[in-house]
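**Q** sequence and predicted structure below; questions after.
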Amino acid sequence: MAPGKADEQVLFPEAEVEGYKVRPWTLAQSVALAPTLGALVEIARAAGIGEILLKFMDLLGPGQEDAKGAFAGAEQEIVKVLPGLLPKLLPHAPKILSVSLAITEEEAGAFDLKKATTLLLAIIVGNIDYLKNSFGPVTAAPAMAS
């Protein structure tokens, strides 16, 4: 166990980001976000970026302090596809932020893009294992030898 941390802080870590507590999703939050994550998986599948997303998520891990550093590791590949995806992805941001931070979608929608991005990265890092499981099927299954 990490020195000076209570059991619940190790099991359910939280981070203070932009004045909000970001912690791993509860079951209720996961259920509330399931349709949104499903839509994002479909967007990723249609754009053929499953491999890129998984590479990015592999660079992140629970407790990853430098999400921006991990993003830089996959940045070149992401930058190639991001302009076409932003109009499809951004409409989902207020829902993810509102459920994750326990605020209204209107409050989340009022965030400037920098603040929203910073919070979304923290949410991704805090829920990376769940997200890897959600986005894992986005890539094509390897062909089985007969």
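**A** Here it is on my side, so go on. Numbers count the residues shown, from 1 in each chain.
**Q** so what touches stretch 19-28?
**A** Contact partners of stretch 19-28, identified using Cβ atoms under 8 Å, 6 or more residues apart in numbering, comprise 12-16, 33, 99-101, 103, 119, 122-123, 126-127, 130. C-beta: built from backbone N, CA, C; applies to glycine.
**Q** no, scratch that, I was asking about stretch 90-100
**A** With contact meaning Cβ under 8 Å, 6+ apart, stretch 90-100 is reached by 22, 25, 29, 32-33, 36, 39-40, 103-109, 111, 116, 119-120, 123.
**Q** could you redo the last one with a cut-off of 6 Å?
**A** For stretch 90-100, contacts defined as Cβ atoms under 6 Å, 6 or more residues apart in numbering pick out Gln29, Ala32, Leu33, Thr36, Thr104, Glu105, Ala108, Gly109, Ala116, Leu119, Ile123.
**Q** on that earlier part again, in helices, which of the contacts of stretch 19-28 fall?
**A** Leu33, Val99, Ser100, Leu101, Leu119, Ala122, Ile123, Gly126, Tyr130 (DSSP state H).
**Q** tell me the one of these nearest Ala47?
**A** Leu33 (20.1 Å; Cβ to Cβ).
**Q** residues near the residue nearest to the closest one when sequence neighbours are not counted, how many?
**A** Leaving aside its sequence neighbours, Leu33 sits nearest to Val99 (Cβ to Cβ, 6 or more residues apart in numbering; 5.4 Å). Neighbour count of Val99, defined by other Cβ atoms under 10 Å: 21.
**Q** cool, the one 5 residues further on as well?
**A** By the other Cβ under 10 Å criterion, the neighbourhood of Thr104 contains 12 residues.
**Q** pull out the buried positions in stretch 28-42.
**A** Using 16 or more other Cβ atoms under 10 Å as the test for burial, stretch 28-42 gives Gln29, Ala32, Leu33, Thr36, Leu37, Leu40, Val41.
**Q** farthest-separated two in those residues?
**A** Longest distance between any two of these is 17.3 Å, between Gln29 and Val41; criterion Cβ to Cβ.
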